[in-house]
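Asker: generate coordinates for the sequence data below:
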Amino acid sequence: MTKLKITVGSVDGLAERTSDRLAAVESGTDPENLDEVQPELRFRSYSELFDLLSEQRIELLEAITTHEPESIRATADIVDRDYKTVHRQLGELAELGVVEWADAKPGTAKKPQFPYDGLEIDLDLVDDDRLDPATA
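Answerer: Residues are numbered from 1 along each chain as shown. The predicted structure follows:
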């Protein structure tokens, strides 16, 4: 498994890394020598990031990875919160690809799973196009 990389900013950096990888493949670089593709979730603003990574949502992710609950209701019981709120939050995390549903067959309980080893948060605090204020 890999970690889910979470970043904030424009898609330019992601597009540049993708172009670099394509250029390497086109130049004959052995695909085995390229870095492993890491799933990435990119937000346009810190506000969007903090909406996803609220304390409650992090607590849900910890509960899922630690206790492996068999259902949304079991997850709500573990975190001692209202079922409807947990259902909504897990649904939002699933829409973003942060959580997956195991054995989600009609008529059966949805079992939430966190399909990664962890989260890696990458924040560029200085825009590369501007002068670094620390060196000015």
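Asker: rest of the way, CA atoms for contacts and neighbours
Answerer: Fine.
Asker: which stretches of the chain have low pLDDT?
Answerer: Residues of the chain meeting the criterion pLDDT under 70: 1, 10-26, 28-38, 104, 126-136.
Asker: in its sheet, what does the helix or strand harbouring Thr7 sit against?
Answerer: Element membership for Thr7, per DSSP states H and E: strand 4-8. Next to strand 4-8 in the sheet, as set by DSSP bridges, lie strand 40-43 (parallel), strand 119-122 (parallel).
Asker: looking at the ones you listed, spot the one closest to Ile72.
Answerer: Relative to Ile72, the nearest member of the strands paired with strand 4-8 by Cα to Cα is strand 119-122, separated by 21.5 Å.
Asker: state the phi and psi torsions of Glu68.
Answerer: Main-chain torsions, Glu68, degrees, to the nearest 10: phi 50, psi 60.
Asker: surely it and Gln113 touch.
Answerer: Yes. Contact criterion Cα atoms under 8 Å: Glu68 and Gln113 qualify, at 7.3 Å.
Asker: for these two, indicate the residue with more neighbours.
Answerer: Gln113 (21 against 16; other Cα atoms under 10 Å).
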